[in-house]
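Q: Provided below are the primary sequence and the corresponding predicted coordinates.
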Amino acid sequence: MFKFILPVGSGSSLCRDCVSERCRVLRLKKQLDEDYKEISNLVKRATSDGYWVSKPSLRSWRQLALEQLEEDEEESKHSNGQTNGQGPHINNKFGMEANVGTEDETKTFNEDIVCTHGALSILETERKLVSTEVWTKLREYFPRAPEFTHMQEPCRQCLTLEQEEKDNEAVSKMMALEQKNQLLNLFHEKNRPVLTKWPQVKRRAVDCEAFNFQFF
Ligand SMILES: [Zn+2]
Ligand SMILES: [Zn+2]
């Protein structure tokens with residue numbers, strides 16, 4: 001009878017599954033340290049092919065991987081005092097599944113070189129080419145990271161938008177220059193010596209009208 005009252009997973013000692021989970025996490029952390037050292041050395045070599053990697057992601061990938069690992073670990077912990085009799089590891093399974101299906105993760109590896117159109121960003125200074133060897137290692141930690149080979153063209157839509165912006169800027173500059181010239185003309189007109197008062201005022205009024213018509 002006593003057996004049924006005892007909450008599942010309670011007590012100070014860990015069950016076999018918990019121990020093996022903890023061992024798995026420790027192994028992964030050790031592996032992560034080794035991979036981090038190796039990748040840090042490998043990325044120093046220049047490469048002409050391979051894959052595009054976001055520079056900020058490359059700087060923080062160890063931290064991202066650790067956070068991922070700790071999330072998994074947290075989700076696999078048993079909640080003490082569970083008495084619904086569904087078995088201790090139901091949380092683990094659901095937790096992991098929920099994690100995999102969640103799209104609102106705060107940060108994903110390589111996401112910052114994806115533009116709003118879902119293509120490769122045109123900001124070349126924000127990315128770096130890494131060898132296939134490095135990419136394969138990183139991919140083990142971030143299997144869902146956006147992948148771009150060195151052959152990948154940057155987003156066409158972004159390039160078009162950028163060009164349009166440049167064109168608009170050029171037009172704005174030209175218009176500003178013309179406006180300045182017009183104002184200078186008006187200024188000279190004002191300071192021009194006049195013979196009689198009345199025709200000058202009339203003239204200026206006309207000029208102002210012409211000015212307004214052109215620009216507003
Ligand atoms: Zn357990
Ligand atoms: Zn784009």
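A: Looks like it came in fine. Ligands and ions are numbered 1, 2, ... in the order given.
Q: Residue 53: what secondary structure?
A: Here residue 53 is strand, with the state taken from DSSP: H, G, I helix; E, B strand; the rest coil.
Q: Where do the domain boundaries of this structure fall?
A: According to automatic domain parsing, the chain comprises the domains 2-152, 158-215.
Q: quick check: mean pLDDT across the last one?
A: Meaning domain 158-215. Across domain 158-215, pLDDT averages out at 76.
Q: Equivalent analysis for the first one, please.
A: Predicted confidence along domain 2-152 averages 80 (mean pLDDT).
Q: so the closest residue to residue 153 other than its chain neighbours bridges to which residues?
A: Residue nearest to residue 153 in three dimensions, not counting chain neighbours: residue 120, with 7.2 Å by CB to CB, 6 or more residues apart in numbering. Glycine gets a C-beta too; all of them are placed from N, C-alpha and C. When bridges are called by DSSP bridges, residue 120 pairs up with residue 114.
Q: Wait, residue 120 touches residue 112, no?
A: No: assessed by CB atoms under 8 Å, residue 120 is found out of contact with residue 112, at 11.5 Å.
Q: and residue 127, backbone torsions?
A: Per-residue torsions, residue 127: phi -130, psi 160 (degrees, to the nearest 10).
Q: Can you tell me how far it is from ligand 2?
A: 14 Å (CB to the ion, to the nearest Å).
Q: how many neighbours does residue 65 have?
A: Residue 65 has 21 neighbours, counted by other CB atoms under 10 Å.
Q: so when I look at it, I'm seeing a helix, right?
A: Yes: Residue 65 forms part of a helix when assessed by three-state DSSP.
Q: Right, I'll leave it there.
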